[in-house]
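Asks: Sequence and predicted structure are below.
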Amino acid sequence: MNKRKHEPPPSQVVDSEFFASIRHGVESALLNSGIKRILVAVSGGSDSVALLLALHRLCSPRDIVLQVAHIVHGLRPEAGQLDASFVRHLAASLNLPCHVTEVDTPGEMKRTGDSLEMAARRLRLAALEATANTMQADAICLGHTRDDQIETLFIRLARGAGSTGLGGIAPRGQTRSGVTLLRPLLDIRRETLQGWLRSENAQWREDESNSDTNIMRNRVRSQVVPAFVECFGPAAVDSAIRSMELQREEEADWLRPLVGEALTEAYAAHPPTALSSESIAALPRPLAKRVLLAWLHEHQLDPQHQSQALLERLLEFALATVRDPPDATGRKCNRSARVRPADFRKRWGGIRSNPARCGTVRTLPHDFTRLETRNQHRAQPWRDQAAAIPPTDAAT
């Protein structure tokens, strides 16, 4: 008599698939890292709820302390407070402290002229970093998924991103103050997370703005990705994500050290705010633009706002000073290539109200042989900070 092979119920299969991936992600992130205190960013959506529940289950045996953070963006007053209440109750059910921070996204949009997604993202990351520093956290865990990764690729393609941007979301990064950013769910599909949550009878909140197709990411999610899959098949998503991984590998293993060396050389013989135009002009054009981007980032000019056009202006200024060196008054310099503060006001939020934080680029009246920022504070070397460049504008 043939015995029928026992097959686990579907919920157990989903559970097993999920935990194989999340365990790998968590252990890869935490192994030999010395991380003992983690702030978990929880919006109340399925991704972040699954992240919190999984981390709670996996970190307790490892004596890793968890705390929860929730950001109220000021966009949906009633729904936002309901989200905050949901996250507070979820944290309390797990006996975890919960930090709720309110930010003024509409005010930030008005002040900087940024899109809703960009303004909300910047405020959210700043609030998470401040909370992490207050609780002395070693890391912030974010709930980005495989779905966020492919959406990010299409968004950055549409914006004309270079190879760094097309690398997508990195599984690990760092804030400006040195707090590690971890994304353990990057290899997991959202539908897998939601299947596991259902098997656990866990609840989550649905953000009504996710159906608003005026938001680019929502259009990509509901229109572009399905069309891509329909045209090329589901395997094409895996291939695209593999291409993003290859871009990140090249960035980390080859380009980043190269940029760091070139940036150090360009700083030589100048104050910490200035670059040698001659050094920049001597570099291959693609490398020169990367060095300029690293310089902007080092002086806290948000690279998410960088544009190829602005980098081209900076590069042309450096080249012009070498081609047409000035006399003692600087009047012979090719002024058409000069970078004006107005260019940065348009591209970097916060410059009008807080120039000391955001900085500008200027040329000195009698010395057109260097580029300089007004921000006199030089952050830690770019080679140590490169991972802090925000990887995506995806919602946390």
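Replies: Done, it's in.

Asks: Just the mean pLDDT for the strand or helix carrying Ser243, thanks.
Replies: Ser243 is part of helix 235-250 when elements are defined by DSSP states H and E. Mean pLDDT, helix 235-250: 93.

Asks: What is the distance between stretch 123-130 and the centre of its chain?
Replies: Once both centres are worked out by CA atoms, centre = their mean, to the nearest Å, stretch 123-130 turns out to sit 12 Å from its chain's centre.

Asks: In it, which residues are buried?
Replies: Neighbour counts using 16 or more other CB atoms under 10 Å place 123-125, 127-129 of stretch 123-130 among the buried residues. Where you see a C-beta, it was placed from the backbone N, CA and C, and this is true even at glycine.

Asks: What of stretch 245-264?
Replies: 247-248, 251, 255-256, 259-260, 262-263.

Asks: closest to Glu230 among those?
Replies: Of all the buried residues of stretch 245-264, Glu230 sits closest to Gln247, with 25.1 Å by CB to CB.

Asks: can you give me the helices in the stretch 1-150 of the chain?
Replies: For the stretch 1-150 of the chain, helices defined by DSSP state H, counting those that start in this stretch occupy the ranges 10-30, 46-59, 77-93, 105-112, 116-134, 146-158.

Asks: by contact count, what packs against the next helix or strand after the helix holding Ser243?
Replies: With elements assigned by DSSP H and E, the helix or strand that comes after helix 235-250 is helix 256-267. If contacts are counted by 3 or more CB pairs under 8 Å, 6 or more residues apart in numbering; DSSP states H and E, helix 256-267 sits against strand 274-276, helix 277-281, helix 285-298, helix 382-385.

Asks: quick one, helix 256-267 and helix 235-250 angle?
Replies: 40 degrees (axes from the mean of the first three to the mean of the last three CA atoms, to 10 degrees).

Asks: any idea of the mean pLDDT for helix 256-267?
Replies: Rounded mean pLDDT across helix 256-267 is 85.

Asks: thinking in terms of the whole chain, how far from its middle is it?
Replies: In terms of CA atoms, centre = their mean, the centre of helix 256-267 is set 22 Å apart from its chain centre.

Asks: Kindly report the same for stretch 163-181.
Replies: Offset of stretch 163-181 from its chain centre (CA atoms, centre = their mean): 6 Å.

Asks: what's the first-to-last distance across it?
Replies: 21 Å (CA to CA, to the nearest Å).

Asks: where does the stretch 1-150 of the chain have low pLDDT?
Replies: By pLDDT under 70, the low-scoring segments of the stretch 1-150 of the chain are 1-18, 31-32.

Asks: picking that back up, looking at the buried residues of stretch 245-264, which is nearest Leu53?
Replies: Distances from Leu53 to the buried residues of stretch 245-264, taken by CB to CB, are shortest for Arg248, at 28.0 Å.

Asks: Dump the C-alpha coordinates for stretch 260-267 into PDB.
Replies: What follows is stretch 260-267, C-alpha atoms only, in PDB (Å, rounded to 0.1, in the frame of the first residue of the first chain):
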ATOM      1  CA  GLY A 260      37.800  58.300  -2.800                       C
ATOM      2  CA  GLU A 261      41.400  58.500  -4.000                       C
ATOM      3  CA  ALA A 262      40.600  61.100  -6.700                       C
ATOM      4  CA  LEU A 263      38.700  63.200  -4.100                       C
ATOM      5  CA  THR A 264      41.500  63.100  -1.700                       C
ATOM      6  CA  GLU A 265      43.900  64.300  -4.400                       C
ATOM      7  CA  ALA A 266      41.500  67.100  -5.400                       C
ATOM      8  CA  TYR A 267      41.400  68.400  -1.800                       C
END
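
Asks: thinking again about what came up before, residues in contact with the helix holding Ser243: which ones?
Replies: 146, 149-150, 153, 163-164, 166-168, 170, 225, 228-229 (CB atoms under 8 Å, 6 or more residues apart in numbering).
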